[in-house]
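J.: Pasting the sequence and the predicted coordinates here, then a few questions.
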Amino acid sequence: AFACYPPSAADLERHLAQVARELGLRADPPVIQRLVQASGGETAIARQELEKFALYLDADPERPADLTGDTLDALAAD
């Protein structure tokens, strides 16, 4: 038997914060929380959104960019 449980919102927030850092994005916890809520907790969707934001902001781990609520307002998928 293999037990599998969906991640909690806090687990997902930690995971997405790490993904954001790997993509060169600096995001405050409220921005990550908004992303979790907007994606309905779907990790793949949230990751695609982070990748889109990183491209838009020309972010890279070597030259991080700030991910703000304004960027989410302008570009996030509904």
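T.: Nice, I can see it.

J.: quick one: contacts of the helix or strand of the chain with the lowest mean pLDDT?
T.: Sorted by mean pLDDT, DSSP states H and E, the helices and strands of the chain end with helix 69-75, the least confident at a mean of 91. The set of residues that contact helix 69-75 without belonging to it, under C-beta atoms under 8 Å, 6 or more residues apart in numbering, is P30, V31, R34, L35, A38, K52, F53, Y56, L57. The C-beta positions use only the backbone N, C-alpha and C, and glycine is treated the same way.

J.: any idea how far A3 is from H15?
T.: 19 Å (C-beta to C-beta, to the nearest Å).

J.: is it possible to export the contacts of helix 69-75 to a markdown table including neighbour count?
T.: Converted to a markdown table, the contacts of helix 69-75 look like this (neighbours: other C-beta atoms under 10 Å):
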| residue | neighbour count |
| --- | --- |
| P30 | 10 |
| V31 | 22 |
| R34 | 16 |
| L35 | 24 |
| A38 | 16 |
| K52 | 14 |
| F53 | 24 |
| Y56 | 13 |
| L57 | 20 |
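
J.: okay if I get those residues as a markdown table plus secondary structure, distance to E22 and pLDDT?
T.: What follows is those, written out as a markdown table (DSSP: H, G, I helix; E, B strand; the rest coil; distance: C-beta to C-beta, whole Å; pLDDT from 0 to 100):
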| residue | secondary structure | distance to E22 | pLDDT |
| --- | --- | --- | --- |
| P30 | helix | 20 | 96 |
| V31 | helix | 16 | 96 |
| R34 | helix | 19 | 94 |
| L35 | helix | 15 | 93 |
| A38 | helix | 20 | 90 |
| K52 | helix | 15 | 95 |
| F53 | helix | 13 | 96 |
| Y56 | helix | 17 | 95 |
| L57 | coil | 14 | 96 |
